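**Student:** give me the fold of what follows.
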Amino acid sequence: MRYRYEGLVVNETATTAATKTVDLDFVEPISRLTVQFKGTNNGSTPTAHGAKMVSLLEIADGSDIMYSLSGIEAQALNYYENGDLPFQVNEYRNDVMNIQTFQLNFGRYKYDPELALDPNRFRNLQLKITHNKASGGSAPDAGALWVYADLFDEKRVNPMGFLQSKEHYTYSLTSSGVESIDLPTDLTIRKMLVQSLSGGKQPWQQYNKVKLTEDEGRKTVINDIKTSDLSKTLKRHPHMFETLRGIGTGSVVDHFCASTYDMESTLGADSTSLSTVTMPQDYGGTIGINADNAEHFQAHIRGAMPHGALEVPFGMQEDLRDWYDLNGVGALKLALTAGSSVGSSSTAEVVLQQLRRY
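**Tutor:** Numbers count the residues shown, from 1 in each chain. I've put the predicted structure just below:
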């Protein structure tokens, strides 16, 4: 076989909150790691989006970190990498599993021969997964974990590097505040994500303007443009499509989805006893669903900006020679202007995907 798909962790009990460490002691280069977490709901009252059951995905070689994202950051990046969310089962019904998948991609696409994570270049490569099943779904009382690796096998490749994806900066938002952020200039940048998630808020209400400059303003790359405009003009992929399922209560209950902007939904009954299901307009990864009695329903949701994330792609994304080469740039500064009324106790994050050469 030219390729191999190997299960590193298969259906391991993950009911107790912990950090799972997986040794990546392969000889073959790794194209992609896939992590899947399943939480078995203990009730039908939504706690949070299921992706929050995984709070950190990290790959490290000692103190050298080459991947570090939360679950919602990883899923947002996956959408902007692949044009779709990874597999999800957004269940909020008692005794049903809420299933979330996260892809750790090291190339532009699966089995990219030029870009892959080569364990032979490191001394003690490890994947660490920090999880808590109670942090998402509907208060799950059981959890399970899977980890898979897409490996080159008989196909011999000599990758020149890999895609390094990390949260570079996070801070607490203040209404109308301007945050100045120094970005690194040592590696070529493929894409940047700006992200902020607050229930009921659209992304532009959280971070309203984006400005990017080189060398203390010598060159302006993005000229203080509104987030709402960037979300439209930089958009490369169709809207996401999601399905979630729950049980009615006779009043409005917030359910969680990845879409946060330009959302629309179709609601329907999974039971002949359910006569009315409505959705008051909502944003920020939540939809308020009002079902007239305790019967099952499903919602089909179409929307943009997963988990409140905006993508700023640099160059043609399939051409690694076209990305943001910072050779000769002394300083790169990002300025984010918050909205006039941000969500309570909310934060904003900046994620960078960079080309790291061997």
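**Student:** check which element follows the helix or strand of the chain with the lowest mean pLDDT along the chain.
**Tutor:** Least confident helix or strand of the chain, by mean pLDDT, DSSP states H and E, is strand 277-278 with a mean of 62. For strand 277-278, the succeeding helix or strand toward the C-terminus, using DSSP states H and E, is strand 286-291.
**Student:** how close does residue 327 get to residue 185?
**Tutor:** 9 Å (CB to CB, to the nearest Å). Just so you know, the C-beta spots here come from the backbone N, C-alpha and C atoms, and that holds for glycine as well.
**Student:** which one's more surrounded, those two?
**Tutor:** residue 185 (17 against 7; other CB atoms under 10 Å).
**Student:** how near is residue 72 to residue 80?
**Tutor:** Distance, residue 72 to residue 80, using CB to CB: 13 Å.
**Student:** also residue 101?
**Tutor:** 16 Å.
**Student:** go on, residue 103?
**Tutor:** Distance of residue 103 to residue 80, computed by CB to CB: 12 Å.
**Student:** likewise for residue 119?
**Tutor:** Where residue 80 is concerned, residue 119 sits at a distance of 26 Å (CB to CB).
**Student:** settle it for me: which of those two has more neighbours?
**Tutor:** Taking other CB under 10 Å, residue 119 and residue 80 do not tie; residue 80 has more neighbours (21 against 18).
**Student:** can you give me the pLDDT of the more buried one?
**Tutor:** In this model, residue 80 is scored at 98, pLDDT.
**Student:** that one sits in which helix or strand?
**Tutor:** Residue 80 belongs to helix 71-82, assigned by DSSP H and E.
**Student:** mind giving me the packing neighbours of that helix?
**Tutor:** Contact partners of helix 71-82 among helices and strands, from 3 or more CB pairs under 8 Å, 6 or more residues apart in numbering; DSSP states H and E: strand 54-61, strand 97-105, strand 188-195, strand 309-313, strand 347-357.
**Student:** in the next helix or strand after the fourth one, what's buried?
**Tutor:** Read it as strand 309-313. Next helix or strand after strand 309-313 toward the C-terminus (DSSP H and E): strand 332-338. Across strand 332-338, burial judged by 16 or more other CB atoms under 10 Å covers 332-334, 336-338.
**Student:** check which helices and strands strand 332-338 sits against.
**Tutor:** If you count contacts as 3+ CB pairs under 8 Å, 6+ apart, strand 332-338 packs onto strand 178-183, strand 207-214, strand 347-357.
**Student:** and these as CSV, adding mean neighbour count, mean pLDDT and distance to residue 163?
**Tutor:** Shown next, in CSV, are the helices and strands packed on strand 332-338 (neighbours: other CB atoms under 10 Å; pLDDT from 0 to 100; distance: least, CB to CB, whole Å):
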stretch, mean neighbour count, mean pLDDT, distance to residue 163
strand 178-183, 14, 98, 17
strand 207-214, 20, 98, 20
strand 347-357, 20, 98, 6
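**Student:** okay, the ones you listed in CSV with distance to residue 192 next?
**Tutor:** Output for those, formatted as CSV (distance: least, CB to CB, whole Å):
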stretch, distance to residue 192
strand 178-183, 8
strand 207-214, 8
strand 347-357, 6
